[in-house]
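Engineer: Got a sequence here, can you model it:
(one chain, ligands or ions: 1)
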Amino acid sequence: MDTGFDPLTIRADFPVLAREVNGRPLVYLDNAASSQKPQVVLEAVAAFYRHHYAAVRRGVYTLSEEATAAYEEARDKVAAFINAPDRRSIVFTRNTTEAINLVAHTWGRANVGPGDRILVTEMEHHSNLLPWMLLCQEVGAELVYLPITDGGRLELPQLERLLDGPVRLVAVTHVSNVLGTVNPVQAIVAQAHAAGALVLVDAAQSVPHMPVDVGVLGCDFMAFSGHKMCGPTGCGVLYGRVELLEHMPPFLVGGGMIERVGFTGVSWASLPEKFEAGTPAIAEAVGLGAAVDYLERVGMEAIHAHEKALTAYAMESLAALPGVRLIGPPAEERSGVIAFTVASIHPHDLAYALDRQGIAIRAGLHCAQPLHERLGLAATARVSFYLYNTREEVERLVSAVWNAQRWLAG
Ligand code: 7TS
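Structural biologist: Coordinates of the predicted model:
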């Protein structure tokens with residue numbers, strides 16, 4: 001099927017991709033950490049500052065009304081993007097990390113008590129692990145792990161047993177930022193709900209890369225970051241079912257999130273303001289709205305298909321190099337993330353050698369230390385694709401790894 005998807009046309013939308021690094025055209029393969037920004041997003045942010053900028057929600061003057069309208073329009077765009085049924089279910093946060101902390105601090109402290117359990121998986125990013133670890137320590141609850149296989153998949157047959165008990169919440173990543181594994185979240189939600197547990201989905205690595213519909217997934221909470229999906233830094237998203245958000249106490253308190261404050265008491269603003277204390281990242285939200293428009297124009301199905309094809313090609317080509325070990329499931333079961341090791345070369349040395357050749361990759365533990373420990377890995381190198389990456393870039397990566405092996409392998 002011809003989707004009209006052309007990465008070369010797309011590349012022209014991203015100014016930074018025209019630059020050179022160390023004398024070579026930049027190959028940016030650290031998209032799981034953060035994505036580059038298209039011209040339309042840069043322009044939307046600049047135009048907002050140039051023509052419409054003011055504090056939101058407070059002023060009765062024209063500029064503030066325009067800024068508020070632009071900010072709230074961004075919320076509508078994000079809601080439509082993930083098919084959220086109600087705009088009040090979209091809370092702007094700084095990023096995925098803050099969104100998950102918000103749920104742990106508010107819903108968690110109101111609903112999790114001594115002896116309760118929170119179920120996470122062995123493949124979580126620290127952002128979807130530490131808030132739950134601390135919550136459990138604080139209230140005397142138990143943190144339970146759904147194990148993974150050596151091949152980097154969830155041990156789903158164990159889920160039923162682990163859900164048999166006072167599990168209040170399952171916190172699971174949609175796509176692993178190390179293994180690329182796409183987890184069957186819809187089935188996990190059905191099982192968790194049947195057992196009386198809520199589900200939070202860490203969608204930091206899925207929403208930017210594939211169509212995601214919260215209605216279809218059926219999850220209770222979902223978190224993702226604007227900066228990983230062509231948007232500016234500083235604006236992320238918490239989706240929550242309105243019935244839950246309404247009963248949760250606020251997270252940060254202060255300006256912008258109250259209905260009325262007296263000398264001895266306070267009533268909170270309605271959703272979503274209740275969770276957006278202080279002046280929010282207004283221009284960044286507007287930029288995220290522009291990023292959503294951009295991604296929708298390109299098409300999330302097409303982006304996903306493109307990344308899957310690149311991943312299959314890269315896995316095949318990297319695996320053909322001597323000493324390269326790919327971590328995680330086969331290409332059909334993952335999105336555009338590949339962690340790997342190269343015999344006798346530390347991942348940091350590899351990343352440095354690739355940078356000398358203009359290629360940006362990540363090396364280390366990728367904020368998933370327990371996962372590395374489980375797989376017996378001291379560290380890994382990781383490449384992660386996005387809509388603007390090409391087969392030629394995969395070929396440059398492979399020959400650069402080959403060069404690094406000749407330079408570095410003892
Ligand atoms: N969850 C997952 C699955 C992630 O991959 C990340 C960031 C986060 C949460 C946190 O997102 P943030 O926007 O709050 O920072 N992952 C990565 C990474 O893989 N390399 O750098 C950041």
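
Engineer: Flag every residue of the stretch 101-250 of the chain that's near the ligand.
Structural biologist: The interface of the stretch 101-250 of the chain toward the ligand, taken as Cβ under 6 Å from any ligand atom, is made up of His125, Ser127, Asn128, Thr173, Asn177, Asp202, Ala204, Gln205, Ser225, Gly236. For every residue, glycine as well, the C-beta is placed using N, CA and C.

Engineer: try it again with 8 Å
Structural biologist: The stretch 101-250 of the chain comes close to the ligand at residues 124-128, 173-178, 202, 204-205, 223, 225, 227-228, 236, as judged by Cβ under 8 Å from any ligand atom.

Engineer: Select from these every entry located in strands.
Structural biologist: Using DSSP state E, the subset of those located in strands is Thr173, Asp202, Ala223, Ser225, Gly236.

Engineer: Return the member of these nearest to Glu98.
Structural biologist: Checking those against Glu98 by Cβ to Cβ gives Gly236 as the nearest, at 6.3 Å.

Engineer: how close does the residue nearest to the closest one when sequence neighbours are not counted sit to Val342?
Structural biologist: The shortest distance from Gly236 to any non-neighbouring residue, by Cβ to Cβ, 6 or more residues apart in numbering, is to Asn95 (3.9 Å). In this view, Asn95 and Val342 are 31 Å apart by Cβ to Cβ, to the nearest Å.

Engineer: Which one's more surrounded, these two?
Structural biologist: Taking other Cβ atoms under 10 Å, Asn95 and Val342 do not tie; Val342 has more neighbours (24 against 21).

Engineer: for the more buried one, phi and psi?
Structural biologist: The phi/psi pair for Val342 (degrees, to the nearest 10) reads phi -120, psi 130.

Engineer: looking at the sheet around it, what are its partners?
Structural biologist: Beta bridges link Val342 to Val324, Ile345 when assigned by DSSP bridges.

Engineer: Tell me the confidence at it?
Structural biologist: As predicted, Val342 sits at a pLDDT of 97.

Engineer: For it, which residues are in contact?
Structural biologist: Neighbouring residues of Val342 by Cβ atoms under 8 Å, 6 or more residues apart in numbering: Leu321, Gly323, Val324, Arg325, Leu350, Ala381, Val401, Ala404, Gln405, Ala409.

Engineer: so which of the residues you listed are also by the ligand?
Structural biologist: Checking those against the ligand (Cβ under 8 Å from any ligand atom), there are no matches.

Engineer: quick one: which of the residues you listed sit in helices?
Structural biologist: Of the contacts of Val342, the ones assigned to helices by DSSP state H are Leu350, Val401, Ala404, Gln405.

Engineer: quick one on the thing from earlier: now the ones in strands among the residues of the stretch 101-250 of the chain next to the ligand as TSV including distance to Asn22?
Structural biologist: What follows is those, written out as TSV (distance: Cβ to Cβ, whole Å):
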residue	distance to Asn22
Thr173	34
Asp202	34
Ala223	36
Ser225	28
Gly236	32
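
Engineer: where do the strands sit along the stretch 251-400 of the chain?
Structural biologist: For the stretch 251-400 of the chain, the strands defined by DSSP state E, counting those that start in this stretch occupy 258-261, 266-268, 324-327, 337-342, 359-360, 362-364, 380-384.

Engineer: and if you look at the stretch 1-150 of the chain?
Structural biologist: Remark: strands assigned in the stretch 1-150 of the chain by DSSP E, counting those that start in this stretch are 20-21, 24-25, 27-28, 90-93, 117-121, 142-146.

Engineer: got the ones you listed as a markdown table, with mean neighbour count and mean pLDDT columns?
Structural biologist: As requested, the strands of the stretch 1-150 of the chain are arranged in a markdown table below (neighbours: other Cβ atoms under 10 Å; pLDDT from 0 to 100):
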| stretch | mean neighbour count | mean pLDDT |
| --- | --- | --- |
| strand 20-21 | 12 | 98 |
| strand 24-25 | 14 | 98 |
| strand 27-28 | 23 | 98 |
| strand 90-93 | 25 | 98 |
| strand 117-121 | 24 | 98 |
| strand 142-146 | 17 | 98 |
